[in-house]
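> Got a predicted structure plus its sequence, pasted below:
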Amino acid sequence: MNRKCSTRSALTFAGAAALGLASMTMTASAQNWDWGGGSIIGGSGAETVRFSPSYKPGVIVVSFGDRRLYHVTRPGEAVSYPIAIPREQSRWQGVMAVTQKRVNPSWTPTPTMRAENPRLPSWVPGGHPMNPLGVRGLYLGSSAYRIHGTDAPWTIGQPVSKGCIRMYNQDVIALYERVAVGTQVTVTYQSFRSGSSGAIASYNDDQEPRQPTRKRLRPMRDEATASDEQEPRQLAPRRPQTTRAYYKARPLVSAE
């Protein structure tokens, strides 16, 4: 009797474990993974911007200078996405084409990556929440470079990758749907931001671009009203500010 109960309990436990594993697998393949090592979940920074009319609609321009990816939608206009760019020693530039598109791509670190960090896994399956390629991958030419999602959304906007262009998962899904195999991709250091402040001019389709406002200049102070004998005003001492740094821990799975 005890043997039957033990057998039945073991079968029940095995069935529950299998069901739980299947559920986790289904969730991993269906969810737009932004692993919870940071505070950003499902982030997006897409915006419509005015862009150089010298680029034809449909092409992609990656600017390391702006840390943005531009998908030209019509003459003089593009959708701009924030990206993580390669670190200084891994940067490159050139013109390539999208040769492959993959949903939930698997990740195999290169020998150079594993030599740099021996604790990296040899392979991470597609759809895994800690896969550095995220949920979509656009492969560039015959190189190892890709435009892909991420398991670390808090790194977007930073120079952290080993050569690839990293996007929010939500943004790379949107780009994936709009881009076909054969699309030209120009990677450059050139900046396309407008204005001295470096801000990108953005606008909605039904809204005219906003004209820059001029600063109102104050009239110059008359020298006759200024007393040379006047004592300079003493400034009150400022209270020292204290800042706290908050660091988020994450596993040692280095992103592309």
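Received, thanks. Residues are numbered from 1 along each chain as shown.

> So the nearest residue to residue 256 once chain neighbours are set aside versus residue 194, what's the distance?
Leaving out its chain neighbours, the residue that sits closest to residue 256 by CB to CB, 6 or more residues apart in numbering is residue 164, at 3.9 Å. All C-beta atoms are positioned from the backbone trio N, CA, C, and that covers glycine. Using CB to CB, to the nearest Å, residue 164 is found at 27 Å from residue 194.

> Kindly report the same for residue 46.
Residue 46 is 18 Å from residue 194, by CB to CB.

> between these two, who's got more neighbours?
Neighbour count, other CB atoms under 10 Å: between residue 46 and residue 194, residue 46 has more, with 17 against 14.

> which residues sit in contact with that one?
Counting by CB atoms under 8 Å, 6 or more residues apart in numbering, residue 46 touches 79, 80, 81, 171, 174.

> what's the third one in contact with, if anything?
Residues in contact with residue 81, defined by CB under 8 Å, 6+ apart, are 45, 46, 68, 69, 70, 71, 167, 168, 171, 175.

> And the first one, by the same measure?
For residue 79, the contact set (CB under 8 Å, 6+ apart) comprises 46, 47, 48, 49, 70, 71, 73.

> what's the neighbour count on residue 107?
Quick note: residue 107 (other CB under 10 Å) scores 23 neighbours.

> Just give the closest residue to it, not the sequence neighbours.
Using CB to CB, 6+ apart, the nearest residue to residue 107 is residue 124, at 4.4 Å.

> just residue 60 next, same as before
Using CB to CB, 6+ apart, the nearest residue to residue 60 is residue 185, at 4.5 Å.

> Assign a three-state SS to that neighbour, would you?
Look at residue 185: counting by DSSP: H, G, I helix; E, B strand; the rest coil, its state is strand.

> Next up, the contacts around the nearest residue to residue 123 once chain neighbours are set aside.
Nearest non-adjacent residue to residue 123, counting by CB to CB, 6+ apart: residue 108, 5.2 Å away. Contacts for residue 108 were tallied using CB under 8 Å, 6+ apart; they are 122, 123, 124.

> and if we set it to 10 Å?
114, 121, 122, 123, 124, 144 (CB atoms under 10 Å, 6 or more residues apart in numbering).

> buried set for stretch 95-113?
96, 98, 101, 102, 104, 105, 107, 109, 113 (16 or more other CB atoms under 10 Å).

> Equivalent analysis for stretch 48-65, please.
48, 49, 50, 51, 55, 59, 60, 61, 62, 63, 64.

> Alpha carbons of that stretch, as PDB, please.
C-alpha atoms of stretch 48-65 as PDB (Å, rounded to 0.1, in the frame of the first residue of the first chain):
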ATOM      1  CA  THR A  48       8.600  60.400 -35.600                       C
ATOM      2  CA  VAL A  49      11.300  62.900 -36.600                       C
ATOM      3  CA  ARG A  50      12.400  65.100 -39.600                       C
ATOM      4  CA  PHE A  51      15.300  63.400 -41.300                       C
ATOM      5  CA  SER A  52      17.800  64.000 -44.100                       C
ATOM      6  CA  PRO A  53      15.900  63.800 -47.500                       C
ATOM      7  CA  SER A  54      19.000  62.200 -49.100                       C
ATOM      8  CA  TYR A  55      18.000  58.800 -47.700                       C
ATOM      9  CA  LYS A  56      15.300  56.900 -49.600                       C
ATOM     10  CA  PRO A  57      12.200  55.500 -47.800                       C
ATOM     11  CA  GLY A  58      12.700  52.000 -46.400                       C
ATOM     12  CA  VAL A  59      16.400  52.200 -45.500                       C
ATOM     13  CA  ILE A  60      17.800  52.000 -42.000                       C
ATOM     14  CA  VAL A  61      20.400  54.500 -40.700                       C
ATOM     15  CA  VAL A  62      22.200  53.700 -37.400                       C
ATOM     16  CA  SER A  63      23.900  56.700 -35.800                       C
ATOM     17  CA  PHE A  64      26.500  55.900 -33.100                       C
ATOM     18  CA  GLY A  65      26.800  59.600 -32.600                       C
END
